[in-house]
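below is the sequence, then the predicted model.
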2 protein chains.
Amino acid sequence: MKVHVAQPKLCAAEILETVPLLMSVLRAHSRSASSPELSIPQFRALAFVGRNQGGMLCDVASFLGLTPPSASKLIDGLVAKRLLLRYAGTTDRRSISLSLTAAGRKIYERAVQSAEKFLADHLSQLAPSVLEEMRHSLEVLRSIFQPLEVRKS
Amino acid sequence: MKVHVAQPKLCAAEILETVPLLMSVLRAHSRSASSPELSIPQFRALAFVGRNQGGMLCDVASFLGLTPPSASKLIDGLVAKRLLLRYAGTTDRRSISLSLTAAGRKIYERAVQSAEKFLADHLSQLAPSVLEEMRHSLEVLRSIFQPLEVRKS
DNA sequence: TATTGTTATACTCTATAACTATA
DNA sequence: TATAGTTATAGAGTATAACAATA
């Protein structure tokens, strides 16, 4: 009985320990390894634009959990590196649309490969049942905390 | 069969999506909520020192996955805020020892409470079996990626 | 007037390189 | 010479406040 009350707190404590740890592991890998040209936020921005070609800046900001100025600056850097294109919307000229360049897509895909290989190498020691539990647990966490879906055009 | 090959990659992809998302959720909460005085790295540093009173700076750096200069600067800020004490080691005067002040412990505990409550509120909708799977999965991840244990004094 | 985005400013996080002090 | 830590410097990530342009 009491355990049911405690469970969310125990899980919360585990999240608080594990998530920042994994984040620093990911950051350290992405800096040192084969994809040092992208930081994690830059990587996420490219991922979002790749899935939402023509998406607006406010969509990127909400997906990344950033304020508009922070998102604007992040996008600035990616445009300067020729990984993203930014152009004014046609119907509403206040909004901007974003899309990947060929170089952006290539670098993004290389970074995904590198990070997935790095993680998968560490996970390969685990039993299939454990991996499946883990994948499911993370999916549940993501669905709980992910910002609301972005409207298409 | 093939699924067994794919599993680590699937899990890796899920980590890559979910961990940065959770990190930005945690950061946003810690800024806005009842514990805006601590950033996540500061929070982690206090947690480490709380569990390793008298620990050395290089231990903090390795726990946090930081270079020594980065850790030194982080500790600087916490010492300036009177949350940590820093003093030279007795046997080896090159090393420094760290400990929590009363204020440091108090602010750390308040931040833990706030973050755990925030997370637990979102998790309380989940079934006990799902929570237990999640806690276990995170624990496994942590054990895989955590830096080696720190020697005691 | 409300919305979309940018500019100005400031602070934290993080790194590398060069340094000091101690062993 | 090797180790523990700091200082100097630089760049990215993030925020708030103030602004410009469009609707």
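All right, it came through fine. Numbers count the residues shown, from 1 in each chain, chains lettered A, B, ... in the order given.

do the lengthiest helix in chain A and DNA strand D meet?
What stands out as the longest helix in chain A, according to DSSP state H, is helix A:2-32. No: interface with DNA strand D: helix A:2-32 contributes nothing (CB under 7 Å from any atom of the strand), its closest point being 9.3 Å away. Every C-beta, even on glycine, is put in place using the N, C-alpha and C of the backbone.

return the residues in contact with the residue most central in space within chain A.
By CA atoms, centre = their mean, chain A has its centre lying nearest to A:R44, at 3.5 Å. A:R44 is in contact with A:F63, A:L64, B:P20, counting by CB atoms under 8 Å, 6 or more residues apart in numbering or on different chains.

on contacts alone, who are the packing partners of the helix or strand where A:L74 lies?
Using DSSP states H and E, A:L74 sits in helix A:68-80. If contacts are counted by 3 or more CB pairs under 8 Å, 6 or more residues apart in numbering or on different chains; DSSP states H and E, helix A:68-80 sits against helix A:40-51, helix A:57-64, strand A:84-88.

same list (these) but as TSV, adding distance to B:S124 and mean pLDDT.
Putting the helices and strands packed on helix A:68-80 into TSV (distance: least, CB to CB, whole Å; pLDDT from 0 to 100) gives the following:
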stretch	distance to B:S124	mean pLDDT
helix A:40-51	28	96
helix A:57-64	25	95
strand A:84-88	39	92
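
you'd agree A:S97 is in a strand?
Yes: assigned with DSSP: H, G, I helix; E, B strand; the rest coil, A:S97 falls within a strand.

not counting its neighbours along the chain, what's nearest it?
A:G54 (4.6 Å; CB to CB, 6 or more residues apart in numbering or on different chains).

also A:S72?
Closest residue to A:S72 apart from its sequence neighbours, by CB to CB, 6+ apart: A:L57 at 6.4 Å.

what parts of chain A come near DNA strand C?
When proximity is defined as CB under 7 Å from any atom of the strand, chain A approaches DNA strand C at A:24, A:27-28, A:31, A:56-58, A:68-69, A:72-73, A:75-76, A:86, A:89, A:92, A:94-96.
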